[in-house]
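J.: fold the following and give me the result.
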Amino acid sequence: MNRMKTRLEVLALNTVLVGVLAVSAVGCSKPVDSVGLPAASTTVGTDIDDSVITSSVKSALLADADIKSFDFKVETRKGEVLLSGFVDNQAQLDRATAATRAVAGVKSIQNNVVLKGAPTTVGKKVDAGIITSKVKTALLGDPSVKSFDISVVTRDDEVLLSGFVDNQAQVDRAMEVARGIEGVRLVRNEMSIKK
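T.: Just a heads-up that it's a prediction; the model follows:
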């Protein structure tokens, strides 16, 4: 009797395990693109490599005392590094480019960094943070824009959108959404369409 009970327990455990694996497989499957256009594909290995490159570039920028890397956004797709944000001068821009180029795995650099104008005050930095939050929230709430693929940086009342998106329609809609936010005077487009 004990032997039969043990076999039933093992059978029940195996059945539960198979069910959990099946649910996990279904839950991890990629949803169909709602636009109907095939998205540019990457492999899991490429995504991991891109994450490593992004982290390495950010570390290189942080390690250089002359570069204020907190003003940079770094994104990578298939070895192409997209730098965006604001810097104080051309020397910082050149050093950031050189530091990025020195990272293993970087195939190309798309440099969309903008030189800052006059120094900002604390009040303007707070206002820029609020504008950034509003733009990110609006992008997140718009079903036609994948806001997780778009970085938002604000300097004074100027918004810089960067990142890799699937198509021109997403670029256009993201620009439209950002322009509609109160306090935004200018929106710069530094987004790239995935290859």
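
J.: where along the protein do the helices fall?
T.: Along the chain, the segments classed as helices by DSSP state H run 2-27, 44-63, 90-101, 122-141, 168-179.

J.: what is the mean pLDDT for the longest one?
T.: Confidence over helix 2-27, taken as the mean pLDDT, stands at 53.

J.: all further residue positions should be reported with the first residue as 489.
T.: Yes, from this point I'll number from 489; that puts the last item at helix 490-515.

J.: list the buried residues in stretch 664-675.
T.: Neighbour-count burial for stretch 664-675 flags 665-666, 669, 672, 675 (criterion: 16 or more other Cβ atoms under 10 Å). Using the backbone N, CA and C atoms, a C-beta is placed for each residue, glycine as well.

J.: residues contacting S596?
T.: When contacts are counted by Cβ atoms under 8 Å, 6 or more residues apart in numbering, S596 touches 567-569.

J.: report the beta-bridge partners for it.
T.: Beta bridges link S596 to E568, judged by DSSP bridges.

J.: now swap in the one 4 residues further on and tell me
T.: According to DSSP bridges, the residues that bridge with N600 are S572.

J.: which residues touch it?
T.: Contact analysis of N600 by Cβ under 8 Å, 6+ apart lists 570-572, 648, 650, 678.

J.: also V640?
T.: By Cβ under 8 Å, 6+ apart, the contact set of V640 is 620, 623-624, 627, 647-649, 666.

J.: dump those residues to TSV, plus distance to K604 and pLDDT.
T.: Shown next, in TSV, are these (distance: Cβ to Cβ, whole Å; pLDDT from 0 to 100):
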residue	distance to K604	pLDDT
T620	15	86
V623	19	90
K624	21	87
L627	24	88
V647	14	89
L648	11	87
L649	17	88
A666	19	92
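
J.: okay if I get those as TSV plus distance to K595?
T.: Output for these, formatted as TSV (distance: Cβ to Cβ, whole Å):
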residue	distance to K595
T620	30
V623	30
K624	29
L627	28
V647	28
L648	23
L649	23
A666	29
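
J.: ok, of those, which come out buried?
T.: So, by 16+ other Cβ under 10 Å, the buried ones in these are 620, 623-624, 627, 647-649, 666.

J.: now the terminal residues of stretch 640-649, how far apart.
T.: 5 Å (Cα to Cα, to the nearest Å).

J.: re the thing from before, out of the buried residues of stretch 664-675, flag the one nearest to D554.
T.: Nearest to D554 among these: V675, at 29.3 Å, using Cβ to Cβ.

J.: shaky segments in the protein?
T.: 489-530, 532, 534-535, 556-559, 605-614, 634-635 (pLDDT under 70).

J.: please repeat the previous calculation with a cut-off of 50.
T.: Counting by pLDDT under 50, the chain contains low-confidence ranges at 508, 511, 514, 517-527.

J.: nearest to D615 among the buried residues of stretch 664-675?
T.: Minimum distance to D615 across the buried residues of stretch 664-675 is 10.9 Å, recorded for V672 (Cβ to Cβ).
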